[in-house]
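1. sequence? don't have it. structure:
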């Protein structure tokens, strides 16, 4: 009786679907054990990391739940939706809301740890479905968790790695690439489900592919870039080997469905702004790189057409070869030849590692089988033990370099003993106690962490993404690196900064962005000197509110700012702002998306609100709409008749957001209906 039950259990576990689920769970748990401290840690010692951006973003969202439309703390104001894709910020904030006492920093680390481990299991799923064998999937998952093939080629990357920990883990911990690595984690699922859904009509796989693709994009644009490269390669691999034209329709359905699931936040204006802001965070592409990419695509299509047309057993090799070639050109080509089409190719090193691992595992599999599934391309070995021995030696040599990492895997998570002793915390805490409403100019790691604990307005922001006002970048570059202190003070006054935080080379601050930290000494009064290399200077402003009454005729004569060192025009603007009519303004925020302004305007006077202009802002008074337009530095200008005014400024839900939500809800309903309804004969056969 007992033996019968054991036999039944064995048969059950050997069923393909159950075996996949069981393996998947084991891989996830093993990967979680490898990074276990990340689930528990709060503050790491990685203060240069941009994880501060996402921690601050999650905190702000949790405290202004569920959907703030305006981020008034960063870049002198911007749309909250423009700062970053929504998945990680909402995942972090949701954990904070659900679990009492959960801090944003702990929530962020739990989120990225979960998806990191899930991504290793996602690689298992991709290879299991694509390669259709069990042990290569295990091998690929293990290699992803322990190895980085890029270390063989990119010496600088290898030299920067802790214990030769895989690059995807290194950039996650050291540089704070949480959203990117979370997006990468979902790419395995997106490709695995897409493989199933495009190969044959499978409703559940179709929905899984759309959802996974949407999650990639909703976490990070670099991850989305990688998916944009990989998805067409997968589609071509399936079509050239199967020659079924309906595959293109199924692929298009995945793309449309994925867009529908992201439509509520992915507006055309967001895409335009992101592409525009890339000039601040990456170098321009070059034309020869584009032509080289086109040449590689043509060569890949021609060779795969000749070698793999109508050969379904070659679908997976065609895909892994294509993926490896394109990421090698992008990443390795950038490293040695400055190949660049768009963005920063070196950010895609973890994706290159993934494609190299997929190709290497496929090569090992073919060595083990002596090329059996290549048919006409068998290996020229007389005895089967020869290629199998080679395969074993390759695997042992490859994993041998990870021995040190495996033995000391938990040592890379170095906890900060007391974050309250860090300069990043101490400076913002002093500002929160003494000048919580003063917009400050912060720099370096202080800027990155400035909003991790409190709502403090600053000129810059977390990671220079989502900026509406390009003048802010001009201003920051000049104030940091310029040698003219008066020009720096004019810039600070122009953008409404009432304080500037300067750290010298003796400071605990990481980056030391000021080449001449004594530039403002004796020029601006000192608000606070901590005696540890950090000084907060007060910037004289006529009135405390971030709003001014200005002389309309004088303002109309101002010229646009041409560059950061445009002394004449910057000085003229600062003078017009700070030496205009003697009429203070009362400005009070109502939540995140509205403010009430009390002001008295004289003849030919206008109101300037020192928040970045956005065409969606509305100004009303007594049921009457007032015109809102940008001034020469990108702030909001309102021309109203003389007299006392009580103006309500509010940022409504943009029309695209309403449309996008409708599209997302309809797409979700359509995918649910696709899953629950039984397919007809024609659908099942297709």
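-> Everything's here; your move. This is a predicted model, so every value here is computed, not measured.
2. for the residue nearest to residue 254 when sequence neighbours are not counted, phi and psi?
-> Excluding its sequence neighbours, the residue lying closest to residue 254 (CB to CB, 6 or more residues apart in numbering) is residue 209, at 4.7 Å. From N, CA and C alone the C-beta is placed, and that goes for glycine too. Here is the backbone geometry of residue 209 (degrees, to the nearest 10): phi -70, psi -50.
3. And for residue 346?
-> Dihedral angles (degrees, to the nearest 10) for residue 346: phi -70, psi -20.
4. what helix or strand is the closest residue to it other than its chain neighbours on?
-> Computed as CB to CB, 6+ apart, the closest residue to residue 346 that is not its neighbour in sequence is residue 334, at 6.2 Å. Counting by DSSP states H and E, the element that carries residue 334 is helix 333-337.
5. which is the next helix or strand following that helix?
-> helix 349-368.
6. Packing partners of the following helix or strand past that following helix?
-> Of the helices and strands lying after helix 349-368 in sequence (DSSP H and E), the nearest is helix 385-400. Applying 3 or more CB pairs under 8 Å, 6 or more residues apart in numbering; DSSP states H and E, we find helix 385-400 packed against helix 134-146, helix 349-368.
7. got the angle for helix 385-400 vs helix 349-368?
-> 150 degrees (axes from the mean of the first three to the mean of the last three CA atoms, to 10 degrees).
8. what is the rounded mean pLDDT of helix 385-400?
-> The average pLDDT within helix 385-400 is 90.
9. OK, contacts around the residue nearest to residue 254?
-> Counting by CB atoms under 8 Å, 6 or more residues apart in numbering, residue 209 makes contact with 190, 193, 194, 196, 197, 254, 257, 258.
10. Break this protein into its domains for me.
-> 147-168+282-416, 195-279+655-686, 420-538, 547-654 (automatic domain parsing).
11. mind checking how far the residue nearest to residue 633 when sequence neighbours are not counted is from residue 494?
-> Leaving aside its chain neighbours, residue 633 sits nearest to residue 471 (4.9 Å; criterion: CB to CB, 6+ apart). Look at residue 471 and residue 494: by CB to CB, to the nearest Å, they are 9 Å apart.
12. Need the residues touching each of the two.
-> With CB under 8 Å, 6+ apart as the test, residue 471 and residue 494 both reach residue 633.
13. Not counting sequence-adjacent ones, nearest residue to residue 639?
-> According to CB to CB, 6+ apart, the nearest residue to residue 639 is residue 606 (4.9 Å).
14. That neighbour touches residue 555, doesn't it?
-> Yes: using CB atoms under 8 Å, residue 606 is in contact with residue 555, at 6.2 Å.
15. sorry, back to before: in JSON lines: the helices and strands packed on helix 385-400, plus mean neighbour count and distance to residue 115.
-> Putting the helices and strands packed on helix 385-400 into JSON lines (neighbours: other CB atoms under 10 Å; distance: least, CB to CB, whole Å) gives the following:
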{"stretch": "helix 134-146", "mean neighbour count": "23", "distance to residue 115": "14"}
{"stretch": "helix 349-368", "mean neighbour count": "24", "distance to residue 115": "13"}
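16. will you turn those helices into CSV that also has distance to residue 218?
-> Output for these, formatted as CSV (distance: least, CB to CB, whole Å):
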stretch, distance to residue 218
helix 134-146, 22
helix 349-368, 18
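17. out of these, which comes closest to residue 529?
-> Of all the helices and strands packed on helix 385-400, it is helix 349-368 that lies closest to residue 529, at 42.1 Å by CB to CB.
18. where does this protein have low pLDDT?
-> Along the chain, the model assigns pLDDT under 70 to residues 1-14, 371-382, 678-686.
19. Work out which residue lies at the spatial centre of it.
-> residue 220 (3.6 Å; CA atoms, centre = their mean).
20. re the thing from before, just the closest of the contacts of residue 209 to residue 85, please.
-> residue 258 (13.2 Å).
21. host element of that closest one?
-> helix 246-262.
22. Surely residue 112 is in contact with residue 183?
-> No: checked against CB under 8 Å, the pair residue 112 and residue 183 is beyond contact range at 11.1 Å.
23. Between the two, which has more neighbouring residues?
-> residue 183 (30 against 27; other CB atoms under 10 Å).
24. May I ask which helix or strand encompasses the nearest residue in space to that one that is not next to it in sequence?
-> Using CB to CB, 6+ apart and skipping residues adjacent in sequence, the residue nearest residue 183 is residue 223, 2.3 Å away. In the assignment (DSSP H and E), residue 223 maps to helix 221-242.
25. who does that helix touch, helix- and strand-wise?
-> Looks like helix 221-242 contacts helix 178-199, helix 203-219, helix 246-262, helix 287-308, helix 315-327 (3+ CB pairs under 8 Å, 6+ apart).
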